[in-house]
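Asks: Here's a sequence, model it:
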Amino acid sequence: EKAPRTAKEVKALEERAKDLVMQAKDESRFADRKRAASAEQARRAVIGEAHVEQPAFAGKMFTGPEAEQTAKVLEEALDPKFSNLLGKVNEVNSVARYFALAGDISTATIQLLYLAGSDPVRYAKAMKGFVKAFWDPQFQANYLAQPENMAIIQKYPNLVLTRGGSTEFTEAMAQGGVLRKGPLKFFGEKLVPFQRGFESSMDVAGVEMLKAMDHLALDPATGRLSAARIDDLTQFVNEMRGVTSSARLGVSTVQRQLETASLLAPRYNRAIASLLFDVVRGGMRGDLARKKMGQSVVAIGSLSLAISLLMGDDWSEAVDRIDPRSKTFMTWKIGDQNVGPGTKLRSVLKLIGDSWENPERLKDTSIGWGELEYMKNPIMKFGRGLAAPVIGTSYDLASGKNIIGEPTRGLDREGMLNFGETVVAENMIPI
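Replies: Okay, here's the model as predicted:
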């Protein structure tokens, strides 16, 4: 080209040079992402395969029916920070966690409830995936192996897939998990269809959400794929499903064990906390969080009003059911029980509502002891609800009351019935 002769031409060439540099950087980052995706895909184990996250076993894959258990034992044995005592406690917690959060159709009213309000099409596909996987053991593997779905998984390598008991929700049902060996194996085998349904609905939701938002991975300024936007989309989709990888975030083995021993669902809590933080942040992720959560809250609130009115509530009673300060917030009387969705967002809104309604309760230090007392401080009650099953059940037995003040023990017939209903049934029946 001819040499520029004016300042305007020089400036134009400088701008063009900057664009070319930015384009080259984007292409380099995208190439790095593709290489990482290929490596991640190569490391990902299919059903019947597993790998050990240790340098000595880099690139090695175990196969066979006991592959996952073998890999787990090797990882624990090679990790000097692994605590066998906490490992045993967490095995017990994993059973109760599965029954509380995954042993039924909980994805419909816990993990994917926000999706129902913000994207009912993707929610319907996820629930359809649950039903298909419940009856078809090969549905999940076949779905993930479809070329268009595999392309999404490769493009978004940090998408958390839940199959094979790889998340805290279903780890008790993984090969070698507590419900797949020993005396509990008989019961675990009966629950396998629910595990398949749960994991399939979560994976279908993740893949379908990314397919619907895939166009957002393009940088509006350049029209090219952006590594940062791919990361943001992946993290948002993980958060919307209540899943995350503590290991990828750099959380140490000991901290992960302590979190699992003390909290009901630490990775779920971390994902939801990140989602709520996204609501007040900038950028694409913040925009998505505000839009999707706003749609979800409006849709679920409207549906709650409709359900209340159809069940015979008058208008004031129906409004109470969407008021976080009300005792009936997001619950309905069915038989002798108040039943409603169990999402973490509901718990957070209830905490805020109770604290706003009666700030004096925040000064209360009673923690449930005695015949007439129960913890009145909303923060303490919220914390009790976060506790892992072993800690929460131990506290319930020691105090004589569960989280809502129902009796948990006694030596007479009524006491034994209370124990069976509020301790055994609540922790060991998947409803």
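Asks: K401: how many residues sit nearby?
Replies: 23 (other CB atoms under 10 Å). Every C-beta, even on glycine, is put in place using the N, C-alpha and C of the backbone.
Asks: Kindly report the same for G342.
Replies: Neighbour count for G342, taken as other CB under 10 Å: 16.
Asks: got it, and L115?
Replies: Residue crowding around L115 was assessed by other CB under 10 Å; the count is 26.
Asks: What pLDDT does the model give the residue lying closest to it once chain neighbours are set aside?
Replies: Setting aside the residues directly before and after it, L115 is nearest to Y123 in space (CB to CB, 6 or more residues apart in numbering), at 4.6 Å. Confidence at Y123, expressed as pLDDT, is 95.
Asks: Run through the residues that contact Y123.
Replies: Contact analysis of Y123 by CB atoms under 8 Å, 6 or more residues apart in numbering lists 112, 115-116, 205.
Asks: Let me have these in a markdown table, extended by secondary structure and pLDDT.
Replies: As requested, the contacts of Y123 are arranged in a markdown table below (DSSP: H, G, I helix; E, B strand; the rest coil; pLDDT from 0 to 100):
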| residue | secondary structure | pLDDT |
| --- | --- | --- |
| L112 | coil | 92 |
| L115 | helix | 92 |
| A116 | helix | 91 |
| A205 | helix | 96 |
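Asks: quick one on the thing from earlier: where does the residue nearest to L115 sit relative to S296, distance-wise?
Replies: As defined by CB to CB, to the nearest Å, Y123 lies at a distance of 10 Å from S296.
Asks: list residues touching both of these two?
Replies: Taking CB under 8 Å, 6+ apart as the contact criterion, the common neighbours of Y123 and S296 are 115-116.
Asks: ok, of the contacts of Y123, which one's closest to R285?
Replies: Distance from R285 was checked for each of the contacts of Y123 by CB to CB. The minimum falls on L115, at 16.4 Å.
Asks: Okay, and the residue nearest to L115 sits in which element?
Replies: helix 120-135 (DSSP states H and E).
Asks: Can you list the buried residues in that helix?
Replies: Burial within helix 120-135, assessed by neighbour count using 16 or more other CB atoms under 10 Å, is assigned to 122-123, 125-127, 129-130, 132-134.
Asks: same thing with stretch 212-222?
Replies: Buried positions in stretch 212-222, judged by neighbour count with 16+ other CB under 10 Å: 213-214, 216-217.
Asks: What is the end-to-end distance of it?
Replies: Start to finish, the residues bounding stretch 212-222 are 21 Å apart (CA to CA, to the nearest Å).
Asks: So which elements touch the helix or strand harbouring A398?
Replies: Secondary-structure assignment from DSSP H and E places A398 in helix 389-399. With contacts defined as 3 or more CB pairs under 8 Å, 6 or more residues apart in numbering; DSSP states H and E, the packing partners of helix 389-399 are helix 84-101, helix 253-262.
Asks: redo that, cut-off 7 Å
Replies: Helices and strands touching helix 389-399, as assessed by 3 or more CB pairs under 7 Å, 6 or more residues apart in numbering; DSSP states H and E, comprise helix 84-101.
Asks: Show me what counts as buried in the helix it packs on.
Replies: Taking 16+ other CB under 10 Å as the criterion, helix 84-101 shows 86, 89-90, 92-101 as buried.
Asks: what about V178, neighbour count?
Replies: Residues near V178, counting by other CB under 10 Å: 21.
Asks: That one reaches L191, doesn't it?
Replies: No. Taking contact to mean CB atoms under 7 Å, the distance of 11.7 Å between V178 and L191 leaves them out of contact.
Asks: okay, which residue is most central for the protein?
Replies: Nearest to the mean C-alpha position of the chain, counting by CA atoms, centre = their mean, stands G242 at 2.2 Å.
Asks: before we move on, what SS does it have?
Replies: Taking DSSP: H, G, I helix; E, B strand; the rest coil as the rule, one finds G242 in the coil state.
Asks: in the helix or strand containing L275, what counts as buried?
Replies: Assigned by DSSP H and E, L275 belongs to helix 266-278. Of the residues in helix 266-278, 266-272, 274-275, 278 count as buried by neighbour count, 16+ other CB under 10 Å.
Asks: Closest one of those residues to F187?
Replies: The shortest gap between F187 and any of the buried residues of helix 266-278 belongs to Y268, at 23.7 Å (CB to CB).
Asks: Look up phi and psi at the residue nearest to the closest one when sequence neighbours are not counted.
Replies: On the basis of CB to CB, 6+ apart, the spatially nearest residue to Y268 that is not a chain neighbour turns out to be G242, at 4.6 Å. As for G242, its main-chain torsions (degrees, to the nearest 10) stand at phi 80, psi 30.
Asks: repeat for Q337
Replies: phi -120, psi 150.
Asks: For it, name its beta-bridge partners.
Replies: With DSSP bridges applied, the residues forming beta bridges to Q337 are I334.
Asks: Counting neighbours, what do you get for it?
Replies: Burial of Q337, expressed as a neighbour count using other CB under 10 Å, amounts to 9.
Asks: next one: D136
Replies: Neighbour count for D136, taken as other CB under 10 Å: 15.
Asks: And the one 4 residues further on, by the same measure?
Replies: By the criterion of other CB under 10 Å, Q140 has 25 neighbours.
Asks: quick one: it and G197 touch, right?
Replies: No. No contact is recorded between Q140 and G197 when judged using CB under 7 Å, the distance being 9.3 Å.
Asks: shared neighbours, these two?
Replies: Residues touching both Q140 and G197 comprise A133, with contact defined as CB atoms under 7 Å, 6 or more residues apart in numbering.
Asks: Let me see the mean pLDDT of the helix holding L275.
Replies: The average pLDDT for helix 266-278 rounds to 91.
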